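Enquirer: Please work out how this folds:
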Amino acid sequence: MESIFYSVRMRASSQGRHCSGAERIVPREAVAETSSALLMRAFSNVSAEIDQASCQVERIVAHELCFAGLPDVITYPVDNVTAGRSLAHRLLCRAGVAEEVATTALQLLARGAGPAGQVMRGAVLMDASSGRRLEEDPARGVRVSRMDAAPEFQDTLQANLRHAGLEHFRVREALLLAGKVLGAPGLIAELCWSDDPGYMAGYVAVPGTGYQRISRMKETGDRRGGRIPAGCRWRSRAESQGRWP
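Expert: Okay, here's the model as predicted:
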């Protein structure tokens, strides 16, 4: 009999503002425990008073799953935000993002990529040569979902991250997310730092190079953050007549 798994996705908001999100792919017997753990995580967010939270559970048949290796991890310790963002700019340009587009991407995340400087629920999708934004809704952006480490690899992944001093759950989740994004056709690089006011690290992910973690990309207490995948030969949904990207 074919194995059955479930995608469990949690989203939480405060006064209409996205505050927390997480997801796992687990066997049936772990659905209840996983859902409870993700909701507890949402309500442990001390930086916001959550007024809405939900978990969506969706069945996935094993043959529908796709497997890929995770990117290599490179860590760059920096002394301050200025040094971190300057390094991110160089890494983006080295990957093939136009210099002015790299500057635009950094400025966009720094001021808040959503309307009125709000945090987006998803990611900005940007043309790497022109800087043009391609997502249909600047509040929602585009989403990457239904991802996790294979069950037999969970312990090894955690042990490797612990050995590298990267045990924070956000590193694990960002690494998995970056691994899926790096498989997108036409992707050149992804810039990211968290909107968690207590987590200051970020990364530039590049196909063939890996997950390049930068220790400081924003000041403590800053609630702004997000992701910007930049690529070439991408079009808006309208231009692609339903094929995205």
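Enquirer: Would you agree residue 166 is in contact with residue 73?
Expert: Yes - shown here, residue 166 and residue 73 form a contact pair, counting by C-beta atoms under 8 Å, at 7.3 Å. (Glycine included, C-beta is placed from N, CA and C.)
Enquirer: list the residues that contact both of these two?
Expert: residue 213 (C-beta atoms under 8 Å, 6 or more residues apart in numbering).
Enquirer: residues of stretch 120-132 that come out buried?
Expert: 120, 121, 122, 123, 124, 125, 126, 127, 128, 129, 131 (16 or more other C-beta atoms under 10 Å).
Enquirer: Give me the contact list for it.
Expert: 11, 18, 21, 96-98, 100-101, 104-105, 108, 113-114, 133-135, 138-144, 188-189, 226-232, 234, 245.
Enquirer: can I get the CA coordinates of it in PDB?
Expert: Extracted as PDB, the C-alpha positions of stretch 120-132 are listed here (Å, rounded to 0.1, in the frame of the first residue of the first chain):
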ATOM      1  CA  MET A 120       4.000  40.600   2.600                       C
ATOM      2  CA  ARG A 121       2.600  37.200   3.200                       C
ATOM      3  CA  GLY A 122       4.600  35.800   0.300                       C
ATOM      4  CA  ALA A 123       7.600  36.900  -1.700                       C
ATOM      5  CA  VAL A 124       8.300  39.700  -4.200                       C
ATOM      6  CA  LEU A 125       9.100  38.200  -7.600                       C
ATOM      7  CA  MET A 126      11.600  40.400  -9.500                       C
ATOM      8  CA  ASP A 127      13.200  40.500 -12.900                       C
ATOM      9  CA  ALA A 128      17.000  40.300 -12.300                       C
ATOM     10  CA  SER A 129      17.900  42.700 -15.100                       C
ATOM     11  CA  SER A 130      15.200  45.400 -14.900                       C
ATOM     12  CA  GLY A 131      14.000  45.200 -11.300                       C
ATOM     13  CA  ARG A 132      10.400  45.000 -12.400                       C
END
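Enquirer: Give me the buried subset of the contacts of stretch 120-132.
Expert: Of the contacts of stretch 120-132, these count as buried by 16+ other C-beta under 10 Å: 11, 18, 21, 97-98, 101, 104-105, 108, 113-114, 133-135, 139, 141-142, 144, 188-189, 226-231, 234, 245.
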